[in-house]
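Engineer: Below are the sequence and a predicted model; questions follow.
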Amino acid sequence: MKNLIKNRNFWLVLALDIALVMCAYVGAHLLRFEGRIPPLFLSAVKTTLPLVVLVKIFFFYAFNLYRGMYRYTSLIDFMNVVKAVAVSSVTLILLILFLYGFVGFSRSVFIMDFVLTLCLVAGVRIAIRLYLLRDTAFIHSFFNKKGRTAKRMLLIGAGAAGEQILRELIGNPHLRAEAVGLLDDNAEKVGKSIHGVPVLGTVDRIEEIDVDFDEILIACPSATGAQMKRIVAACERTGKPFKTMPPLGEVIDGRVSMKMVREVSVTDLVGREEVRLEEDEIKKYLLGKRVLVTGAGGSIGSELVRQIARFRPGALGLADVGEFNLYQVEMECRDRFRSAGAGAVAHAATSVTDASVGAGARTGAAGVGSTPEGANQGMAARAEASAGAGVGAGAAAVEVAAYLVDLGDLRPTRRMFAEFRPDVVFHAAAYKHVPLQELNPWETVYNNLLAMRNLIACATETGVDKFVLVSTDKAVRPTNVMGATKRVCEMMAAAACSKNRDSALFSGNASAVAGARKIGDTAQENQAMSPFSQGGGTRFISVRFGNVLGSSGSVIPLFQQQIARGGPVTVTHPEITRYFMSIPEAAQLILQAGAMGEGREIFILKMGEPVRIADLAREVIKFHGLEPDIDIEIVFTGLRPGEKLYEELITEGEGIVPTRHEKIMVLHANECGNGDLMPSQLDELLRVADTFDIPAIKAKLHEIVPEYTPQ
């Protein structure tokens, strides 16, 4: 109220409303009596006019008619006007009936007064908006302020996204663009209009559209890959430039904006269906909770951070070993969340890497995408999509803690857990490039297994509620070190949830691990880090899926680089296939699986049909306007070390059953062997890794994972 009193515009609009209310009341009597009000009724008008003004202005204020911004007057504001006028009119009728018994009053006057007040009050507000928007496309035909420099845009998609884009083009004169027409595959919409812009026809008849336009904007965020291919082909026939909105998976809260407009990418053409999320269930375990994401700077980790932000966590912990990637995702978070005041957002660049943890303490590993280039490929576009729409309710201030930490070192990892005290952990940090890991298997063991061992111990010790492991389809009948270590991680997660709470699964024998691989410096520290030393209530869940489009090191960015150099495009084998999923889809389904898991499950994400990599290479070449094997040669180089011709999602002996979510299945995991043997097996594997003996490391992995077939 104090702010309103100080606002000059409030007093101007209040005075205008008083005048309008008086005009409506007097005008209703003039209409009723055809311009000559009888003395009896004229006396009644003079007597009741102050009461009419007082009652109506009171209800106008009660229904927030003075709190709106007239530049953005909308249907909601109009409905508030309707409610205020209706309630005030009914109140007046009751007061007149009570005070005067309607003696000297015409009943029809109050109906006319209602209509006139509604038209005048609502009309003035609409007129104010039109005046303030006088240089926009909406009334540019009257004021002609945009001139000939405005870009003429043809929009494809006359749905909700198209309507939002139209609204922004109308309301933002700085865009210097105007919509000249819409296309939609729904023939029933043809001939109709949205905000005055006509639907001119269907997409397939785009060449027949008799409208001059400069650029095409595809506003179909829910389009499938097949639909996008058809739309792009139609756009290419026009010879005009075209851009697109991101798919719904990249739009955090469902609102689209011109800020999100980008070039069409190959991943759009391999698009997948929109993910249905049980948002209420996800909110139950994320709302107000302290959530830690490892590998937060990587492709999956950074998208997990964005998706988690939707559900208003109490705090977000970002852990990565890659300094630049961690910096990028941290800055993105801080830009998105409004600060709650000085000191509300803690740990501006907290580093907890402790180089003094034993001789030869590790300084690298445990982070997806440690390379600055590529690891965040597509991050900027996805971040713009999320930030452009805002995070809705999730945009409130959230504590963001960034930890530059090697998860293979226990002491800094334990310090991170003790300081951040997470309720939920998403473990997305891992090495992922198969051939490199075949050549350096000891690094894979340190990074994937030692980190997992430390995380399980710290999670149990600090009372984490849920721990979600991001796994891979390469863990199924693995033929490479990467897949074998991820299978061991799944086994460790399942064993950590074992009913045998007396197991000393991860306490280990510190002396069995040489040098920097020691689990703790003292017997007390070794005992304290056993997941079951505190009773163990943490629920460990694994989520297994295939390749993600556009992630660091994936084939599409590689193909694009090779095409830019003029070729050739290299594919390992003519028949090699892979499962693919978009990064946002994978992150969303990981959150969904986390909501469904109660511990010891391995969730499998439905990946659809496998894609032949050679066919994908041809699609990428065609997308760049070139012909495969004519303009760009495709060369088959042979399978690389540890590479499989095709991937699987389940292994023999695992019982797969559907879940209540159509895109998620669950495995009843095999028993993980003797829980008492696993600590010694892990200690032996770490000791062998310190010898850098590749055959010995693979042999030891085979002992733990019998289905692993070393190459």
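Structural biologist: Everything's here; your move. Residues are numbered from 1 along each chain as shown.
Engineer: From now on I want contacts and neighbour counts done on CA atoms only, so please keep to that.
Structural biologist: Noted.
Engineer: helices or strands up against the helix or strand hosting residue 81?
Structural biologist: Using DSSP states H and E, residue 81 falls within helix 75-100. Judged by 3 or more Cα pairs under 8 Å, 6 or more residues apart in numbering; DSSP states H and E, helix 75-100 is in contact with helix 39-62, helix 107-132.
Engineer: Need the winner for burial among those helices.
Structural biologist: helix 107-132 (a mean of 17; mean count of other Cα atoms under 10 Å).
Engineer: does residue 426 really touch residue 290, like I thought?
Structural biologist: No: using Cα atoms under 8 Å, residue 426 is not in contact with residue 290; the gap is 11.3 Å.
Engineer: The stretch 451-600 of the chain: strands as residue ranges?
Structural biologist: 466-470, 539-544, 547-549, 569-571, 577-578, 580-582 (DSSP state E, counting those that start in this stretch).
Engineer: so which of those strands gets nearest residue 49?
Structural biologist: strand 580-582 (65.5 Å; Cα to Cα).
Engineer: other SSEs contacting that closest one?
Structural biologist: Partner elements for strand 580-582 (3+ Cα pairs under 8 Å, 6+ apart): strand 547-549.
Engineer: partners of the strand it packs on in the sheet?
Structural biologist: Taking DSSP bridges as the criterion, strand 547-549 sits next to strand 580-582 (parallel) in its sheet.
Engineer: rewinding a little: relative to helix 39-62, how tilted is the helix holding residue 81?
Structural biologist: 140 degrees (axes from the mean of the first three to the mean of the last three Cα atoms, to 10 degrees).
Engineer: List the buried residues in helix 75-100.
Structural biologist: 77-78, 80-89, 91-93, 95-96 (16 or more other Cα atoms under 10 Å).
Engineer: Might you calculate how far it sits from the centre of the chain?
Structural biologist: 44 Å (Cα atoms, centre = their mean, to the nearest Å).
Engineer: List the residue ranges of the stretch 601-711 of the chain that fall below the pLDDT cut-off.
Structural biologist: By pLDDT under 70, the low-scoring segments of the stretch 601-711 of the chain are 649-655, 668-678.
Engineer: Can you show me the helices along it?
Structural biologist: Assigned by DSSP state H, counting those that start in this stretch, the helices in the stretch 601-711 of the chain fall at 613-623, 678-689, 694-704.
Engineer: same for the longest one, what does it pack against?
Structural biologist: Packed against helix 678-689 by the contact rule (3+ Cα pairs under 8 Å, 6+ apart) you find helix 441-444, helix 694-704.
Engineer: Distance from the shortest one to the middle of the chain?
Structural biologist: Same thing as helix 441-444. Relative to the chain's own centre, helix 441-444 is displaced by 33 Å; criterion: Cα atoms, centre = their mean.
Engineer: what's in contact with it?
Structural biologist: If you take Cα atoms under 8 Å, 6 or more residues apart in numbering as the criterion, helix 441-444 is touched by 365, 431, 437, 481, 482, 485, 689, 690, 692, 694, 697, 698.
Engineer: for stretch 48-59, same thing?
Structural biologist: 17, 18, 21, 22, 25, 84, 85, 87, 88, 89, 91, 92.
Engineer: What is the nearest of the residues you listed to residue 279?
Structural biologist: Out of the contacts of stretch 48-59, the member with the shortest distance to residue 279 (by Cα to Cα) is residue 84, at 35.3 Å.
Engineer: wait, that closest one sits on residue 64?
Structural biologist: No: if you go by Cα under 8 Å, residue 84 and residue 64 don't touch, sitting 9.0 Å apart.
Engineer: intersection of neighbour lists for these two?
Structural biologist: Counting by Cα under 8 Å, 6+ apart, nothing touches both residue 84 and residue 64.
Engineer: thinking residue 539 is in contact with residue 596, fair?
Structural biologist: No: Residue 539 lies out of contact with residue 596 (Cα under 8 Å); the separation is 11.4 Å.
Engineer: Those two: which is more packed in?
Structural biologist: Counting neighbours by other Cα atoms under 10 Å for residue 539 and for residue 596 shows that residue 539 has the greater number, 24 against 20.
Engineer: who does the more buried one bridge with?
Structural biologist: Going by DSSP bridges, residue 539 forms beta bridges with residue 466.
Engineer: now the helices and strands packed on helix 678-689 as CSV including mean neighbour count and distance to residue 685?
Structural biologist: Putting the helices and strands packed on helix 678-689 into CSV (neighbours: other Cα atoms under 10 Å; distance: least, Cα to Cα, whole Å) gives the following:
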stretch, mean neighbour count, distance to residue 685
helix 441-444, 24, 9
helix 694-704, 18, 6
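Engineer: With distance to residue 117 added, can I get the ones you listed in a markdown table?
Structural biologist: A markdown table is the format used below for the helices and strands packed on helix 678-689 (distance: least, Cα to Cα, whole Å):
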| stretch | distance to residue 117 |
| --- | --- |
| helix 441-444 | 75 |
| helix 694-704 | 81 |
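Engineer: between these, which gets nearest to residue 305?
Structural biologist: helix 441-444 (24.7 Å).
Engineer: pLDDT on the closest one, on average?
Structural biologist: The pLDDT scores in helix 441-444 average 93.
Engineer: And for stretch 97-105?
Structural biologist: Rounded mean pLDDT across stretch 97-105 is 80.
Engineer: what do you get for stretch 303-322?
Structural biologist: 91.
Engineer: And stretch 221-237, by the same measure?
Structural biologist: pLDDT averaged over stretch 221-237 gives 84.
Engineer: Can you mark which positions in it are buried?
Structural biologist: Buried, per 16+ other Cα under 10 Å, within stretch 221-237: 221, 222, 223, 224, 225, 227, 228, 229, 231, 232, 234, 235.
Engineer: Could you do stretch 279-295 as well?
Structural biologist: 282, 283, 285, 286, 287, 289, 290, 291, 292, 293, 294, 295.
Engineer: And that stretch, end to end?
Structural biologist: 24 Å (Cα to Cα, to the nearest Å).
Engineer: ok so, going back, select, out of the helices of the stretch 601-711 of the chain, the one closest to residue 568.
Structural biologist: helix 613-623 (10.5 Å).
Engineer: Just the CA coordinates for that closest one, please, in CSV.
Structural biologist: Output in CSV follows, covering the C-alpha atoms of helix 613-623 (Å, rounded to 0.1, in the frame of the first residue of the first chain):
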residue,chain,number,x,y,z
ILE,A,613,26.3,-45.5,-37.1
ALA,A,614,27.0,-45.7,-40.8
ASP,A,615,23.4,-44.5,-41.5
LEU,A,616,23.8,-41.7,-38.9
ALA,A,617,27.0,-40.6,-40.6
ARG,A,618,25.1,-40.4,-43.9
GLU,A,619,22.4,-38.3,-42.3
VAL,A,620,24.9,-35.9,-40.8
ILE,A,621,26.6,-35.5,-44.3
LYS,A,622,23.2,-34.8,-45.9
PHE,A,623,22.3,-32.3,-43.2
